[in-house]
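Peer 1: Got a predicted structure here, sequence first:
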Amino acid sequence: MAAHSIFNTLGDRLRDNTLAEVQVMRFPPGQVLFRAGESCQGLPLVIRGGVKVQMTGVSGHSIVLYRMTADDICTLSIGCLMTGRGYRAEAVVEEATEAAMIPRPLFDELMAQSPEFRLGIMESYGKRLDDLMLLVEEVAFHRMDERLEEWLLARARQGQSVLTITHQELGVELGTAREVISRLLKELERKDLVRLSRGRIELTGLLAKPSIA
């Protein structure tokens, strides 16, 4: 059974009819759920696992727009379903994921028949839009060295003393080139704030630093 909170917005009869039509699918890590330019066939609802949605520019650089974990709704799919346009980004499975797919005709029917379902979808869309606006603000108005330090510091505060991530992957997280990340990390290592090895970043002194310069 597809266990997702959005189904709780439906009345008993409509929920039963919906669950009878919804298909639950399982995806392995690394699988691409959709690519830029593809048309949207339905609304994915993540039941468990993790998926990242990222955009790649003409330069070849990528940036992670957002991640979906348990009980999340794909915001990009909502927009595509409502506008009829294709995807502008791609979704890649990061860990084994189970998701329910609401087909396009059923999505349209639920949006028309259930005010509660419609409100739940729009609330999800609005929250994610706020997150994306913050991302735009960071990219447009913050220096990359500041963003990198803030990203690393956030993980240090979560108790992650060693990160298993490549410079290329970190570049995708922050929307810049691997070479830029490597140069900035080398500078942090020179200041004894991190220790670098292949595919690993040890956070040695970030928490002791008074402030992000």
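Peer 2: Great, that's in hand.
Peer 1: where does residue 199 fall, phi/psi-wise?
Peer 2: Backbone torsions for residue 199, taken as degrees, to the nearest 10, come to phi 70, psi 10.
Peer 1: how many other residues sit next to it?
Peer 2: 11 (other Cβ atoms under 10 Å). C-beta here means a position set from N, CA and C on the backbone, and glycine is covered the same way.
Peer 1: May I ask you to confirm that it is in contact with residue 166?
Peer 2: Yes: between residue 199 and residue 166 there is a contact under Cβ atoms under 8 Å: 5.4 Å.
Peer 1: Quick check: closest non-adjacent residue to residue 104.
Peer 2: Nearest non-adjacent residue to residue 104, counting by Cβ to Cβ, 6 or more residues apart in numbering: residue 42, 5.3 Å away.
Peer 1: okay but that neighbour is in contact with residue 108, surely?
Peer 2: No: Residue 42 lies out of contact with residue 108 (Cβ under 8 Å); the separation is 10.4 Å.
Peer 1: Which of those two has more residues huddled nearby?
Peer 2: residue 42 (19 against 13).
Peer 1: For the residue nearest the centre of the chain, which three-state class applies?
Peer 2: For the chain, the residue nearest the mean C-alpha position is residue 67 (1.7 Å; Cα atoms, centre = their mean). What DSSP: H, G, I helix; E, B strand; the rest coil gives for residue 67 is strand.
Peer 1: tell me the contacts of it?
Peer 2: Neighbouring residues of residue 67 by Cβ atoms under 8 Å, 6 or more residues apart in numbering: 50-53, 94.
Peer 1: Out of those residues, which comes closest to residue 173?
Peer 2: Closest approach between the contacts of residue 67 and residue 173, by Cβ to Cβ: residue 52, at 9.2 Å.
Peer 1: The closest one falls within a strand, correct?
Peer 2: Yes: assigned with three-state DSSP, residue 52 falls within a strand.
Peer 1: for it, which residues make a bridge with it?
Peer 2: As for beta bridges, residue 52 partners with residue 67, residue 92 under DSSP bridges.
Peer 1: just the helices in this protein please.
Peer 2: 12-21, 75-83, 104-113, 115-141, 144-157, 167-174, 178-190 (DSSP state H).
Peer 1: would you list those in JSON lines and tack on distance to residue 34?
Peer 2: Output for the helices of the chain, formatted as JSON lines (distance: least, Cβ to Cβ, whole Å):
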{"stretch": "helix 12-21", "distance to residue 34": "20"}
{"stretch": "helix 75-83", "distance to residue 34": "8"}
{"stretch": "helix 104-113", "distance to residue 34": "13"}
{"stretch": "helix 115-141", "distance to residue 34": "16"}
{"stretch": "helix 144-157", "distance to residue 34": "26"}
{"stretch": "helix 167-174", "distance to residue 34": "17"}
{"stretch": "helix 178-190", "distance to residue 34": "25"}
